[in-house]
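Undergrad: Have a look at this fold, sequence not included:
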Ligand SMILES: [Zn+2]
């Protein structure tokens, strides 16, 4: 089965990449495909949440209320960072059908197989304020990607709850036959089951922390004879997310660094044990990073020009440039302690790790002053794998 992930532009490129990497870290018969950006028409109107209680509620939905209205206009979407809502909170919203129409158009333009699932990941609000829902054809799903920090805390790594939603909706698409069956069977009272409805949205924390399936749902899975290889993969994802959520809670008590895999072609560093979270470095940054990895005892910054040739060699491998003179000049500037280029590059690398991992978890991965008085990367080298597909 193929599962296509598409997004609106407000759900950023790096979050999108990270959700895809996390889901793909659990290989199996379900293949995830990273699709492109889609544009929504104008919103259907504005929704007002007078108080947090309204904002934290998924509204009631009867399948029969569902009217098929859709209209298309062009709209500008903007990138934004999470800002906590202030109440009364006013948001423009979309009817679910608009999301599903946009997905159907995408299916047509990209010739997506009718058996494939397509997920639209979007920060835009939906009419009933739901985390996610599936269309009546049972192949198109939207997932709300905003506001996770409101429920899980400001430092939440949002790719975990978003990936959980994707996995649990794949499961539901296999388990149930239509929208009415979902509405009838989903648990109105939270049991810590993957099929809890969570009308009070805060209860989603319980569902994701337990990552369990109740007796009743297990029986249904058995009766409906779901393909075991799909189930295995989906439960691997769901369990993986749970252990990561728990792991993050325990950080500080039990601290353990992740293994890293450096992909020289993609110029990304994957943190294997943090669900393949990716840190993207540019060729200069990755060359410097590789040099410091090679010398666990560290290098004094003012002697970096002694390592010119090694640095040039790394840069040659990753930059994709041809002119030796230009490459030589770039590395000359980088390795020259007096030029300022070195410090800028070191601090960019540091910031990239901090943005992805947060202050406390990032501390061993970037180039920093070691207790010995020279610069280095504290990470245990047994945790490092370098991958070069060209070789
Ligand atoms: Zn259940």
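TA: In hand now; what should we look at? Note that this is a predicted model, so its numbers are computed, not measured.

Undergrad: Confirm for me that residue 171 is in contact with residue 194.
TA: Yes - using CB atoms under 8 Å, residue 171 is in contact with residue 194, at 6.5 Å. Glycine gets a C-beta too; all of them are placed from N, C-alpha and C.

Undergrad: Show me what stretch 151-165 is in contact with.
TA: Contacts with stretch 151-165, where a contact means CB atoms under 8 Å, 6 or more residues apart in numbering, come from 15, 18-19, 22-23, 56, 82, 84, 121, 131-132, 143, 145, 148-149, 201-202, 204-205, 208, 211, 237-238, 241, 244-245, 248, 275, 277, 358.

Undergrad: how about the residue sitting furthest away from the middle of the chain, secondary structure?
TA: Most distant from the centre of the chain: residue 306, at 39.9 Å, with distances by CA atoms, centre = their mean. Of the three states, residue 306 takes helix under DSSP: H, G, I helix; E, B strand; the rest coil.

Undergrad: For it, give its distance to the ion.
TA: Taking CB to the ion, to the nearest Å as the measure, residue 306 falls 63 Å from the ion.

Undergrad: hang on, the earlier thing: give the PyMOL command for selecting the buried subset of the contacts of stretch 151-165.
TA: Remark: buried members of these, expressed as a PyMOL selection using 16 or more other CB atoms under 10 Å:
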select buried, resi 15+18+19+22+23+56+121+131+132+143+145+148+149+201+204+205+208+211+237+238+241+244+245+248+275+277
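
Undergrad: Among the contacts of stretch 151-165, which lie within helices?
TA: In helices, defined here by DSSP state H, the members of those are 15, 18-19, 22-23, 148-149, 204-205, 208, 237-238, 241, 244-245, 248.

Undergrad: In the stretch 51-200 of the chain, what residue comes closest to the ion?
TA: Using CB to the ion, the closest approach of the stretch 51-200 of the chain to the ion is made by residue 193 at 3.2 Å.

Undergrad: so that residue sits right up against residue 175, yeah?
TA: No - using CB under 8 Å, residue 193 is not in contact with residue 175; the gap is 12.0 Å.

Undergrad: what do those two both touch?
TA: The contact lists of residue 193 and residue 175 share residue 217, where a contact means CB under 8 Å, 6+ apart.

Undergrad: Report the separation between the residue in the stretch 251-391 of the chain positioned nearest to the ion and residue 281.
TA: Proximity of the stretch 251-391 of the chain to the ion (CB to the ion) peaks at residue 275, 24.7 Å away. From residue 275 across to residue 281, the span is 19 Å (CB to CB, to the nearest Å).

Undergrad: Residue 262: which element?
TA: Using DSSP states H and E, residue 262 falls within strand 260-263.

Undergrad: How about the contacts made by residue 300?
TA: Shown in contact with residue 300 (CB under 8 Å, 6+ apart): 373-375.

Undergrad: right, I mislabeled it, should have said residue 195
TA: Going by CB under 8 Å, 6+ apart, the list of residues near residue 195 reads 168, 172, 185-187, 213-214, 217.

Undergrad: Okay, strands next: where are they in the stretch 251-391 of the chain?
TA: 260-263, 268-271, 277-280, 368-369, 375-376, 384-387 (DSSP state E, counting those that start in this stretch).

Undergrad: Show me what counts as buried in the third one.
TA: What it means is strand 277-280. Within strand 277-280, the residues that count as buried by 16+ other CB under 10 Å are 277-279.

Undergrad: can these go into JSON lines with extra columns for pLDDT?
TA: Below are those laid out as JSON lines (pLDDT from 0 to 100):
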{"residue": "277", "pLDDT": "84"}
{"residue": "278", "pLDDT": "88"}
{"residue": "279", "pLDDT": "92"}
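
Undergrad: Same list (those residues) but as a markdown table, adding distance to residue 160.
TA: Written out in a markdown table, the entries for those read as follows (distance: CB to CB, whole Å):
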| residue | distance to residue 160 |
| --- | --- |
| 277 | 10 |
| 278 | 15 |
| 279 | 17 |
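
Undergrad: returning to that earlier point: closest to the ion out of the ones in helices among the contacts of stretch 151-165?
TA: Closest approach to the ion among the ones in helices among the contacts of stretch 151-165 (CB to the ion): residue 238, at 12.9 Å.

Undergrad: isn't the closest one right up against residue 211?
TA: Yes - using CB under 8 Å, residue 238 is in contact with residue 211, at 4.9 Å.

Undergrad: what's the overlap in contacts for the two?
TA: When contacts are counted by CB under 8 Å, 6+ apart, residue 238 and residue 211 are jointly contacted by 164, 194.

Undergrad: Find the nearest non-adjacent residue to residue 365, please.
TA: residue 353 (4.8 Å; CB to CB, 6 or more residues apart in numbering).
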